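**Student:** no sequence for this one, just the structure:
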């Protein structure tokens, strides 16, 4: 069985993330999406439990997708769940350098390989950081996030 782990902070989970999950779900028997607490990022818009719940709502139609949360090394979770690969999304060439470095570190630590799935061009500029900023100033980000996330963002800033 091919089990893929797709980790990320997903704060907020957006259409580019959903596209990667959908595409990975066609390539692997099971995809585990792991919402992570990232201490290197600024204050989160959504708590980890909220992110997990939102991702569950957004991926409910995908029968081979599971959602978890973690606050540890990705490779530790990968080993724990028996992942055969880590999935990472790429928006632009600028993402590749950082993602490659992480993939190489993960492989050195655990032997697990990383598969990159590029988002389509319609999502290549969408980043959670930008969405948080736009939403914080009252901008409408509903065209960039799944409906459950759009509702949660409106509620958060109202």
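**Tutor:** Nice, thanks for sending it over. These figures come from a predicted structure and were not determined experimentally.
**Student:** can you give me the strands for the chain?
**Tutor:** Applying DSSP state E to the chain gives strands spanning 3-8, 30-36, 65-70, 85-90, 113-118.
**Student:** so where's the protein shaky on pLDDT?
**Tutor:** 39-42 (pLDDT under 70).
**Student:** mind checking how far the biggest helix by length in the chain is from the chain centre?
**Tutor:** Ranked by residue count under DSSP state H, the longest helix found in the chain is helix 93-110. Relative to the chain's own centre, helix 93-110 is displaced by 16 Å; criterion: CA atoms, centre = their mean, to the nearest Å.
**Student:** Show me which positions of stretch 109-120 end up buried.
**Tutor:** 110, 112, 114, 117-119 (16 or more other CB atoms under 10 Å). In this view, the C-beta of every residue, glycine as well, is placed from N, C-alpha and C.
**Student:** scratch that, stretch 44-59
**Tutor:** 44-46, 48, 50-55, 57-59.
**Student:** Report the separation between the residue positioned nearest the centre of the chain and residue 28.
**Tutor:** Geometric centre of the chain, nearest residue: residue 8, 4.1 Å, by CA atoms, centre = their mean. Per CB to CB, to the nearest Å, residue 8 is found 16 Å from residue 28.
**Student:** which ones are touching residue 81?
**Tutor:** 3, 5, 32, 68 (CB atoms under 8 Å, 6 or more residues apart in numbering).
**Student:** Kindly indicate which of those residues lies nearest residue 153.
**Tutor:** Distance to residue 153, by CB to CB, is smallest for residue 68 among the contacts of residue 81, at 22.6 Å.
**Student:** For residue 18, see how far away the residue lying closest to that closest one once chain neighbours are set aside is.
**Tutor:** Among residues not flanking residue 68 along the chain, residue 34 sits closest, at 5.1 Å (CB to CB, 6 or more residues apart in numbering). Distance, residue 34 to residue 18, by CB to CB: 15 Å.
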